[in-house]
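Participant: Mind looking at a prediction? Sequence and model below.
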Amino acid sequence: EARTLLSKALQQCRQLSIHASAFSREDKNEKADKWRMMISKRTIKLLKKTMSVLEDPEKTVELLHNTRRQDEDSLKDDPMELVAYVHAAITLQKKYLSEPLIIHKELKLHQYASEFTNYYHELAKFSATPYPFPTAQMTRIFLFVWMFSLPFALV
């Protein structure tokens, strides 16, 4: 299930970048290129930080339960803060594009960012759930018995 959620989260980021470029493809000016680049860079940064948070269960729990001290540096590590930056970049399209996107297209981009958020929260549950102690203990015992009985089985 976690692999499916991860692939869907990555797909949402991919769709966001593709649709941002496709929706503004007629706009050839430098500011439009800058807006497309801003969306792409913020999305890539979001993906990098999300993966680093999900790989570290302690960090995931801190961010989910808000137990971390809120300062400028800790906000840069929070994927939810970075999603807000992506939403802000989408909204800035009015400033950068010569012909602003129609509302349906802008909402579609916001929807991709929101869907990413949903998948991130589902993935965070997997990362934050500890491995059950009885399972770990029984696994250790079976490995211990297997390692000491293996030489007798080979002889």
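Facilitator: Received it, and whenever you're ready, just let me know what you need.

Participant: Quick check: which element contains the residue nearest the centre of the chain?
Facilitator: Central residue of the chain (Cα atoms, centre = their mean): residue 50, 4.0 Å from the mean position. Assigned by DSSP states H and E, residue 50 falls within helix 30-55.

Participant: What is that helix packed up against?
Facilitator: Helix 30-55 makes packing contacts with helix 2-23, helix 57-65, helix 79-91, helix 93-96, helix 103-128 when contacts are defined by 3 or more Cβ pairs under 8 Å, 6 or more residues apart in numbering; DSSP states H and E. In this view, the C-beta of every residue, glycine as well, is placed from N, C-alpha and C.

Participant: Lowest average confidence across those, which one?
Facilitator: Ranked by mean pLDDT, the helices and strands packed on helix 30-55 bottom out at helix 57-65, which scores a mean of 78.

Participant: Model confidence at the residue nearest to the centre of the chain, what's the number?
Facilitator: Looking at residue 50, its pLDDT is 91.

Participant: ditto for residue 54
Facilitator: 85.

Participant: okay, now it: neighbour count?
Facilitator: Residues lying near residue 54 (other Cβ atoms under 10 Å) number 20.

Participant: Who are the contact partners of it?
Facilitator: Residue 54 sits next to 60, 123, 124, 127 when contact means Cβ atoms under 8 Å, 6 or more residues apart in numbering.

Participant: make it 10 Å
Facilitator: If a contact means Cβ atoms under 10 Å, 6 or more residues apart in numbering, then residue 54 has 2, 6, 9, 60, 79, 120, 123, 124, 126, 127, 128 as its contacts.

Participant: okay if I get these as JSON lines plus neighbour count and distance to residue 29?
Facilitator: As requested, the contacts of residue 54 are exported to JSON lines (neighbours: other Cβ atoms under 10 Å; distance: Cβ to Cβ, whole Å):
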{"residue": "2", "neighbour count": "12", "distance to residue 29": "42"}
{"residue": "6", "neighbour count": "18", "distance to residue 29": "36"}
{"residue": "9", "neighbour count": "23", "distance to residue 29": "32"}
{"residue": "60", "neighbour count": "20", "distance to residue 29": "41"}
{"residue": "79", "neighbour count": "25", "distance to residue 29": "32"}
{"residue": "120", "neighbour count": "20", "distance to residue 29": "34"}
{"residue": "123", "neighbour count": "22", "distance to residue 29": "38"}
{"residue": "124", "neighbour count": "21", "distance to residue 29": "39"}
{"residue": "126", "neighbour count": "14", "distance to residue 29": "44"}
{"residue": "127", "neighbour count": "17", "distance to residue 29": "42"}
{"residue": "128", "neighbour count": "17", "distance to residue 29": "45"}
